[in-house]
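K.L.:
Mind looking at a prediction? Sequence and model below.
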Amino acid sequence: MSWPFPREAPSRSNTRVVVNDRMQKGYEYWLTEPVGRNFHADFKPQLTPQVMLEIGVFGGKYMTDCAREFPAEWFSKAKLCAERHDANLNCFGVNASQPLSEWRRKGWVYHEDPRGWFQWYCRYYMGRRCPDDERQIKRWVAVKRHLAQLRNNCRRRDLLCRPRQRQALLHWAYDTRTA
């Protein structure tokens, strides 16, 4: 069975996904784990991709042409802008993103996930496992150091303190709204 047709999350593993969007044509992968389960022991994201899209990440531009790959409910309340990056759509109303060209220059983008870490996370969450998992999980763990900076420099739940850092952490599935 090929998915994403129909647009609902598969309930079983070993489902083939075929991707055809602006950045990938005919790319295929397999979902081998249940949705949102069986994560690596070191990988404990605080936010699901759906929640991230709803609270506002990446200026709303990130997932505008690849929604068919993921469950429709992820996008029912998502803050998206197909025309441009709009920092006002971000949870903290600030731009905390680097351009994709910079991610590529630094070697952070895996060839199977040309949109970067969040694309990898969405696919991992859906149940894909790939050779890049270990590297991406190490990157996610390394970002956690920024939480200590919030705790050391901001009053708890002071959402006006370090908004760019808070937004950047949201991009990595760390929920800074309560930190």
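P.N.:
Thanks, I have the structure now.
K.L.:
do you know how far the residue positioned nearest the centre of the chain is from residue 61?
P.N.:
The structure's the chain has its C-alpha centroid closest to residue 118; by CA atoms, centre = their mean the separation is 2.7 Å. Between residue 118 and residue 61 the distance is 11 Å, computed by CB to CB, to the nearest Å. No exception for glycine: its C-beta is placed from N, CA and C like everyone else's.
K.L.:
C-terminal to the worst-scoring helix or strand of the chain on mean pLDDT, what's the next element?
P.N.:
Of all helical and strand segments in the chain, the minimum by mean pLDDT, DSSP states H and E falls on strand 2-3, at a mean of 38. Once the chain leaves strand 2-3, the next helix or strand it forms, by DSSP states H and E, is strand 15-20.
K.L.:
Buried ones in that following strand, by neighbour count?
P.N.:
Buried residues in strand 15-20, counted by 16 or more other CB atoms under 10 Å: 15, 17-19.
K.L.:
Now render those residues as a markdown table, adding pLDDT.
P.N.:
Output for those, formatted as a markdown table (pLDDT from 0 to 100):
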| residue | pLDDT |
| --- | --- |
| 15 | 93 |
| 17 | 96 |
| 18 | 95 |
| 19 | 95 |
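K.L.:
from those, which is closest to residue 101?
P.N.:
residue 19 (21.5 Å; CB to CB).
K.L.:
ok, now which ones touch that closest one?
P.N.:
Contact partners of residue 19, counting by CB atoms under 8 Å, 6 or more residues apart in numbering, are 25-29, 66, 69.
K.L.:
How about residue 130?
P.N.:
Residue 130 touches 29, 110, 112, 120, 123, counting by CB under 8 Å, 6+ apart.
K.L.:
ok, it to residue 33 distance?
P.N.:
Per CB to CB, residue 130 is found 11 Å from residue 33.
K.L.:
cool, residue 40 as well?
P.N.:
Taken as CB to CB, the spacing of residue 40 relative to residue 33 amounts to 11 Å.
K.L.:
And those two? Which one has more around it.
P.N.:
Neighbours per residue (other CB atoms under 10 Å) separate residue 40 from residue 33, with residue 33 holding more: 17 against 13.
K.L.:
The more buried one contacts residue 133, correct?
P.N.:
No - with contact taken as CB atoms under 8 Å, residue 33 and residue 133 are classed as non-touching, separated by 10.8 Å.
K.L.:
returning to what we had before: list the contacts for the residue nearest to the centre of the chain?
P.N.:
Residues near residue 118 by CB under 8 Å, 6+ apart: 49, 52, 57-58, 62-63, 171.
K.L.:
and if you look at residue 39?
P.N.:
Neighbour list for residue 39: 45, 124 [criterion: CB under 8 Å, 6+ apart].
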